[in-house]
Structure formats: C-alpha cells, structure tokens
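J.: build the 3D model from these lines:
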Amino acid sequence: MSGLFEAAGLEKGAPVPLAERLRPASLSEVVGQRHLLGEGGKLSVLLTSPSLPSIILHGPPGTGKTTLARLIAQESGAHFEQLSAIFTGTADLKKAFAAAEARRASGQATVLFVDELHRFDKRQQDSFLPVMESGVVTLIGATTENPSFALNRALLSRAAVLKLERLDPDDLEKLTERAETALSAGLPLTEEGRRTLISLADGDGRALIGLIEQIASHRGDPLGRDELLRSYAARATAGDKGGDIHYDLASVLQKSIRGSDDDAALYWTARMLAAGEDPLFIFRRLTVIASEDIGNADPRALQVVVAARDAFQQLGEPEGHIPLGQAVAYLATAPKSNASYAAFKAAKRLAREHGSLPPPLHALNAPTKGMKEEGRGEGYRYDHDEPDGHAGLSYLPEGLERTPLYEPPQRGYEKVIAERQAAYRQKREKG
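T.: Next up, the predicted model:
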C-alpha cells in the first residue's frame, strides 16, 4: 500500500502546496473581510448566536468563501461536509441529507457547504428547505452571483446573506508576507515589482498565491514591473459574461458616458475587452447610449457608433478596437440629452391610456366618392405648398388634449430643434 502513496506523491515529506500551507487555522488568522469578522461584524455576531443560522457567502473569486465555511463549522463544533453544485446531482444531495440526519441522531450537527450554489436549479434549491427548517443541516452556500437574482426567494428567506469584498492592497501585502514566512525567503522582486504583483492579483488571494509560487523559483536579478508583465501569467481581468460583473461593467460604462467622463468611459471599455467581452455587445450598448443619453443633442452620435461598428466588422481584432475607442470618446464628450427618449416613453404611455382613438379626418386619404362624403381629407393642406413649409395642422386624434411630449433642452443641436419646434407650435395654436 505504501507504494501507492509514494506513486501519488503523498509519502512523508511530499511538498505541500503553498495555498494549503497558508490556510488559516482560525477565524482570527483570516486576511480581509474586516467588515464581517471585526468587532460587531455580522459574522462575528452570528457566531455568538445560540444556534448557527444558514449562511449565503456572496463575493468575487479568491476572497475566502471556502475557508470561511470550514472555519465557521470548526467554530461551531459541527461536522463539515463540502459539495460543489457543478458536480453534484439530486441523488448526491439526498445522500448528504441522509448522512446529516444520521449524525444528528448521534448528537452531531452538520454544516453543509455548497460551492457555486447558484448553479442548482429551482427544484434542487427547494430541496434544501425542509432540511434547513428541521435543523438537519446548516447550509453555507457560496456564490459569485448576486443572490437576489441567482437564488430562490424561499432559500434566501431562511439564510443570512454575507457579502465578501475583494482583498485590498494591504490585505494582499499581508498575505504576501505570510507566504514569504512560509517559504523562508523573500520574493525576488524590486519595490515596483512587488506593487505590480499586488496589482496583478486583482483582489484575489488565490490568484496572488498562484503568482507567488511561480515567482518564488526565479533565480537572477529581482523582477520588476516589466519582467512580471512579460514573463508571468497574470490573472484574467474579472468579467464573467453571464454574471453580475458583466452587467456591472456595462452599467458603469453607460454611466461614465452619460456623465461625460471620457477617461472613465475609455477605461471601462478597455476593462470589458480585457475580460473577454464580445466587442459587438459593447457596440450594442453604445447604440443604446447614443439614442438614450445623447439623442438629438448630437444626432451624429448614432451615426458614429453605427459607422464604428461597421468598421470593426470589416477590420476584425485588434485593429477594430480603434474605431471602438473613437466612438466611445465621441459619445463621452458629446452634449447629452434624454429628451427624445423620455418623449417616446411618454408617447407610449399616452397610447396605452387612451386606446384606439381614430386619426383626424383631414389626415385620411379619400380615394372613393363615399370616403369623400364621410369628410375624409377635408381641410387638409399640403405642407410643401406653404410659404414656410408648414401648414400648422394638428394630427393628434380629436378629443385628445395636447400635452407636449418632446421638450428639447438648450444643449447642442437641440437648441436649433427647440427654436424650430416653438415656431411650429405657435403656428399650430393660431390654426
């Protein structure tokens, strides 16, 4: 049997991964999450409760969700059982629940940790409810998704939701120092290289440890910023096309453009590309922004986006990123107005409220004698025959009180539109 262990590299003295060597032995050793673990922190308070409630740990990768779950079970004296929703089916859940029931019968509680909990479907999530309510298991679920959207309301109502934060630079520096202690050596980094290492980890403790393991074996001159960026695999920028970060980045991009912060708009566009976002998704968002947030204050904005998208499709990547950047910069610095967007929303509301009102008779064609006798087309005046190209007729349904919908502000091209619109309204009021 000993030969099998030796073949697997598990013989006495086999190397232990750095992440395992740095695993905290108690909650007091956890790096980061001071808002949860500090005095008065939500988790600290929960651990003083007579009975531990079920918990949902929500946060980015590498923030310590699995470690916290283990330590919570340890603090409460419960048996720790770990599952992953990626590899677990309904039959596996039933076995876990049955084993927990057997433990409870012998007087031992069970903390059931489920990683990627959001990957379970509604039926599987519902299966936790009876065993949570009866105390068979205390569930600790981990998810990188927003629980409000990813988890059943019934499940959420039975658990405390704790949000974990990305590790800040001080946390990552502390973790780096612990790694150096475990390795019995300082890392071969210049001062700038050390700052770059922290930056590359991007708030992810697990990614930091992985980078440290690569760097620790380096022999030669200390590594600086350029050497790190060139020679060592950096963590991929957070993006997750199907998750919260995907929509968060799209949201902050739109708000940056709406707020005319061109530096931020360009930065977030670059972040989305670095995360592997489909540039056509970005162009779709820019098309919405051009109409919703800029509108007729600069009608060219929409043309710029459409032309940039066409250019991207012609050029491909990476050259197609150039017109993308041009479009983002143009939108961010363009005058802003949502007047046309707001006007159309109001028009749709008006149409819903007043039903199927008929058009005014003067606006209807009368190709037959009978239609003319009905009064169709009577009083119509051809606008192009008028001296100023406007006859001043109203085209709203009879009986529908006119409420101005489109109110262009005095910004950008809408200054011109507002002047023209005022003249049209004045002539219409005169009849």
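J.: any idea how far the most far-flung residue of the chain relative to its centre is from G379?
T.: For the chain, the largest distance from the centre (Cα atoms, centre = their mean) belongs to K369, which lies 62.1 Å off. Per Cβ to Cβ, to the nearest Å, K369 is found 18 Å from G379. C-beta: built from backbone N, CA, C; applies to glycine.
J.: same question, A98
T.: Taking Cβ to Cβ, one finds A98 at 83 Å from G379.
J.: domains of this protein?
T.: Partitioning the chain according to automatic domain parsing yields domains covering residues 33-163, 169-231, 244-333, 359-430.
J.: would TSV of those domains with mean pLDDT and distance to R349 be doable?
T.: Compiled in TSV, these are given as follows (pLDDT from 0 to 100; distance: least, Cβ to Cβ, whole Å):
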stretch	mean pLDDT	distance to R349
domain 33-163	91	27
domain 169-231	89	43
domain 244-333	92	17
domain 359-430	85	10
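J.: all helices of the stretch 51-200 of the chain, in order?
T.: 65-76, 90-105, 122-126, 128-133, 147-150, 153-156, 169-183, 191-201 (DSSP state H, counting those that start in this stretch).
J.: can you list contacts of the longest one?
T.: Residues outside helix 90-105 that contact it (Cβ atoms under 8 Å, 6 or more residues apart in numbering): 79, 81, 83, 109-110, 112, 123-124, 127-128, 131, 135-137.
J.: how about it: buried residues?
T.: L93, A96, F97, A99, A100, R103, R104 (16 or more other Cβ atoms under 10 Å).
J.: mind checking how far the second one is from S84?
T.: Note on A96: its distance to S84, by Cβ to Cβ, is 12 Å.
J.: let's have the buried residues of helix 90-105 in a markdown table, adding distance to G392.
T.: Shown next, in a markdown table, are the buried residues of helix 90-105 (distance: Cβ to Cβ, whole Å):
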| residue | distance to G392 |
| --- | --- |
| L93 | 72 |
| A96 | 77 |
| F97 | 76 |
| A99 | 82 |
| A100 | 79 |
| R103 | 84 |
| R104 | 83 |
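J.: got the contact list for the residue nearest to G375 when sequence neighbours are not counted?
T.: Computed as Cβ to Cβ, 6 or more residues apart in numbering, the closest residue to G375 that is not its neighbour in sequence is L361, at 4.8 Å. Neighbour list for L361: E374, G375, R376, G377, E378, G379 [criterion: Cβ under 8 Å, 6+ apart].
J.: tell me the contacts of the fifth one?
T.: E378 makes contact with L361, H362, K372, according to Cβ under 8 Å, 6+ apart.
J.: buried residues in stretch 186-204?
T.: 187-189, 193-194, 196-198, 200-204.
J.: what does stretch 55-75 give?
T.: Buried-residue list, stretch 55-75, by 16+ other Cβ under 10 Å: 55-73.
J.: what does stretch 361-372 give?
T.: Neighbour-count burial for stretch 361-372 [16+ other Cβ under 10 Å]: L361, H362, A363, A366.
J.: identify, from those residues, the entry nearest to S256.
T.: A363 (43.7 Å; Cβ to Cβ).
J.: look up how far R352 lies from that closest one.
T.: For A363 relative to R352 (Cβ to Cβ), the value is 22 Å.
J.: same thing with L164?
T.: Counting by Cβ to Cβ, the gap from L164 to R352 is 44 Å.
J.: what's the answer for L189, then?
T.: For L189 relative to R352 (Cβ to Cβ), the value is 64 Å.
J.: please apply the same query to E20.
T.: Taking Cβ to Cβ, one finds E20 at 62 Å from R352.
J.: quick check: beta-bridge partners of the closest residue to L68 other than its chain neighbours?
T.: Leaving aside its sequence neighbours, L68 sits nearest to L57 (Cβ to Cβ, 6+ apart; 6.2 Å). Listed by DSSP bridges, the beta-bridge partners for L57 are A142, L162.
J.: just checking, L57 touches L71?
T.: No: under the criterion of Cβ atoms under 8 Å, L57 makes no contact with L71, lying 11.7 Å away.
J.: circling back: the more surrounded of L164 and R352?
T.: L164 (21 against 8; other Cβ atoms under 10 Å).
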